[in-house]
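Student: I need the structure of the sequence given here:
(2 chains)
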Amino acid sequence: MNALTKTFKYVYIGRITLRNQLAYVVDFLVRSLFLLLILYIFLQLWRTTYAGEGTATIAGYSFRQLMWYLVVTESMTLACPSLCTKLEEEVKSGDVAIKLVRPIHFIAFHYTEYMSEVAIRFTVNSVLGGMLGLAVLGPPEHAIGFLWLPVVAFAGFTLNFMLGMTIALSAFWVEETRGLEFVYNKFLFTVGGMLMPIELFPEALQHVVRWLPLQGVVYAPAKTAVAFDSVDVPSLLLMQAGWIVVFGLIAAAVYLRGVKKLNVNGG
Amino acid sequence: MAQVSIRVEELGKTFRVKRKREGFKAGLKGLLKPEYEEKAAVEEVSFTVRQGEKLAFLGPNGAGKSTTIKMLTGILHPSSGHAEVLGLNPWKERTKLSHRIGSVFGQKSQLWYHLPPSDTFELMSRIYELRRSDYRRRRDELIERFGIGPYLNTAVRKLSLGERMRCEIAVSLLHRPQVIFLDEPTIGLDVVVKQHIRELVNELNREEGTTLFLTSHDAGDVERLCDRAIVINGGRKMFDDRVEVMKLRYLTHKTVRMVLGEGPRPLRLQLAGVQEQQRDGVKLTLSIDTTVTSIETVLSRIMADQRLIDVTVEDPPMEEIITQMYSSSASSR
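Tutor: Next up, the predicted model:
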């Protein structure tokens, strides 16, 4: 009963965050227009690349598959709020105090807030990206993969949260954390498989990347959606769950150390 | 003998601050080889607060007031000493304690900006795991007491500062805290709203026996809300007694306003410690240092020369008392 009440507390936090975020829907829509621009540029680039190669597939991906892959990765990436910006501002303004005096778990509260924001942003991005995809590319080849997308994307967002939170918690020690986040995002764009599927990397790099947690963020959900016949969903989910546990524990440990060092600003 | 709500023993907090020097070269050197210095925000502060007591925790900016509050609410870990709030160690049992204490940080809002206060009430009821029937009863009681019914369903961003602050305090009382920490609760509010908030807080203390721990720069808050004051400066406690005692000890000046019987005539008082502050026809305002010359002496001297129609004797405002404390403390160091 007690555990149920505690869980319900976070469900309600999620609901109220969702309602609060609805005030920003117009802002999200405007941002999503940027998504259309990026996808248009990629469309032109890959069309030229495929024409140059003169083959129907590159590393097993058809042009249509690759473009839908990018619709998923870009929609996911643009849906993720910046945890570093949020925590940094909370620490600098002293607002972190408001959260710490409540009977809530700091990381769980932020996770709920993050996932609620992601839910709205990802929905907006998916609708716009999906409309563009349907209009320009036609329907995806393996629709069943898109049915699995919410599950694998949920795990991907959770993993991204754990990785981001581990970095953002350094705000408890240092004033500026956005530099670290910038580097992390660039790794996610490149070796994380956001710009292109990992199969397109040189073989040596592929071996390295398979051992990194970044593949679980956007690569795993996007590949599940567009190349469902070549993925083993349970293995992917297991890989994501493993990294979520590892970075969840690291984030919790960093939090426990950091909260003792915290210097709450403001009078 | 009332139970002790807060016990603080030689509590200290030291921050490690990066030393920043001027100039590009020094800045570059600081990047490669940063230098740190220890800054004591609170030094060996000890006190106890009884259950139901209304304590003013005073001091100038940077004195260590907010740092102390943050240690007592478990947000900050102290560098030394010990503290207990309601028998719990704040920084080790923060979650357990948070169910029994409330806090209002005047400069920080706990209300959701785009949503009406009713949503924050609902959220807090979930966060504090209140039973639905208890929650509804308490919410209705607070809505009535704080008179916030008319704007309970208005988005917070559309509320005035006074309306918002009433909601902030009401929300922080939802879980019936035994101790409430008010960190500058009336900052930026107009006189009427301040007065209303003070009345509400006094009522709460009277009816529910809530212990009040207040920090404020507003003398009115201290005079009208609190019965005891602790003054800290430079992280150290420099005064701990009843507000009345504080006023008496540091109340060396009185303001005497009088209406004289005759029109403008020069006053030839020539008394030490007496200063004419204002003269407007028959109205005269004097500032008297009662440690040098008594009020009686001044009045008899005036009455020997002129007719006195009316006289009032006033204490200086609390701001002056606190300022005087700081300056006397600074000059004695």
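
Student: count of neighbours near whichever residue of the stretch 201-333 of chain B sits closest to chain A?
Tutor: Of the stretch 201-333 of chain B, the residue with the smallest distance to chain A, taken as Cβ to the nearest Cβ, is B:Thr215 at 8.5 Å. The C-beta positions use only the backbone N, C-alpha and C, and glycine is treated the same way. Using other Cβ atoms under 10 Å in any protein chain shown as the criterion, B:Thr215 is surrounded by 26 other residues.

Student: got it, and A:Thr85?
Tutor: By the criterion of other Cβ under 10 Å, A:Thr85 has 14 neighbours.

Student: in what helix or strand does it lie?
Tutor: helix A:83-93 (DSSP states H and E).

Student: excluding chain neighbours, what is closest to the residue of the stretch 201-333 of chain B closest to chain A?
Tutor: On the basis of Cβ to Cβ, 6 or more residues apart in numbering or on different chains, the spatially nearest residue to B:Thr215 that is not a chain neighbour turns out to be B:Lys65, at 4.4 Å.

Student: as a whole number, average confidence for the helix holding A:Thr85?
Tutor: Helix A:83-93 shows a mean pLDDT of 90 in the predicted model.

Student: so where's the stretch 201-333 of chain B uncertain?
Tutor: Applying pLDDT under 70 to the stretch 201-333 of chain B picks out residues B:264-265, B:267, B:315-320, B:322, B:326-333.

Student: what ranges does it have for its strands?
Tutor: Taking DSSP state E, counting those that start in this stretch as the test, the strands found in the stretch 201-333 of chain B are B:211-215, B:228-233, B:236-242, B:253-260, B:274-280, B:283-289, B:308-314.

Student: of those, which stretch is the most buried?
Tutor: Highest mean neighbour count among the strands of the stretch 201-333 of chain B (mean count of other Cβ atoms under 10 Å in any protein chain shown): strand B:211-215, with a mean of 25.

Student: packing partners of it?
Tutor: Other helices and strands packing on strand B:211-215, by 3 or more Cβ pairs under 8 Å, 6 or more residues apart in numbering or on different chains; DSSP states H and E, are strand B:4-18, strand B:36-50, strand B:54-58, helix B:65-72, strand B:179-183, helix B:219-225.

Student: adding mean neighbour count, write the ones you listed out as CSV.
Tutor: As requested, the helices and strands packed on strand B:211-215 are exported to CSV (neighbours: other Cβ atoms under 10 Å in any protein chain shown):
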stretch, mean neighbour count
strand B:4-18, 17
strand B:36-50, 17
strand B:54-58, 25
helix B:65-72, 27
strand B:179-183, 24
helix B:219-225, 20
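
Student: can you verify my assumption that the residue of the stretch 201-333 of chain B closest to chain A contacts B:Leu72?
Tutor: No: B:Thr215 lies out of contact with B:Leu72 (Cβ atoms under 8 Å); the separation is 11.1 Å.

Student: quick check: buried residues in the helix holding A:Thr85?
Tutor: For helix A:83-93, the neighbour count (16 or more other Cβ atoms under 10 Å in any protein chain shown) marks A:Leu83, A:Cys84, A:Lys86, A:Leu87, A:Glu88, A:Glu90, A:Val91 as buried.

Student: residue contacts, the second one?
Tutor: Okay, so that is A:Cys84. A:Gly164, A:Ile167, A:Ala168, A:Ala171, A:Thr177, A:Arg178, A:Leu180, A:Glu181 (Cβ atoms under 8 Å, 6 or more residues apart in numbering or on different chains).

Student: can I get stretch A:105-120 in PDB, CA atoms only?
Tutor: Output for stretch A:105-120, consisting of C-alpha atoms alone and laid out as PDB, is shown next (Å, rounded to 0.1, in the frame of the first residue of the first chain):
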ATOM      1  CA  HIS A 105      13.300  11.500  -4.400                       C
ATOM      2  CA  PHE A 106      15.300  14.100  -6.300                       C
ATOM      3  CA  ILE A 107      16.200  11.900  -9.300                       C
ATOM      4  CA  ALA A 108      12.800  10.200  -9.500                       C
ATOM      5  CA  PHE A 109      11.100  13.700  -9.500                       C
ATOM      6  CA  HIS A 110      13.400  14.900 -12.300                       C
ATOM      7  CA  TYR A 111      12.800  11.600 -14.200                       C
ATOM      8  CA  THR A 112       9.100  12.000 -14.000                       C
ATOM      9  CA  GLU A 113       9.300  15.700 -15.100                       C
ATOM     10  CA  TYR A 114      11.700  14.700 -17.900                       C
ATOM     11  CA  MET A 115       9.600  11.900 -19.300                       C
ATOM     12  CA  SER A 116       6.500  14.000 -19.200                       C
ATOM     13  CA  GLU A 117       8.200  16.700 -21.200                       C
ATOM     14  CA  VAL A 118       9.600  14.100 -23.600                       C
ATOM     15  CA  ALA A 119       6.100  12.600 -24.100                       C
ATOM     16  CA  ILE A 120       4.700  15.900 -25.400                       C
END
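
Student: quick revisit: give the bridge partners for the residue of the stretch 201-333 of chain B closest to chain A, please.
Tutor: Bridge pairing for B:Thr215 (DSSP bridges) gives the partners B:Asp183.

Student: okay then, goodbye and thanks.
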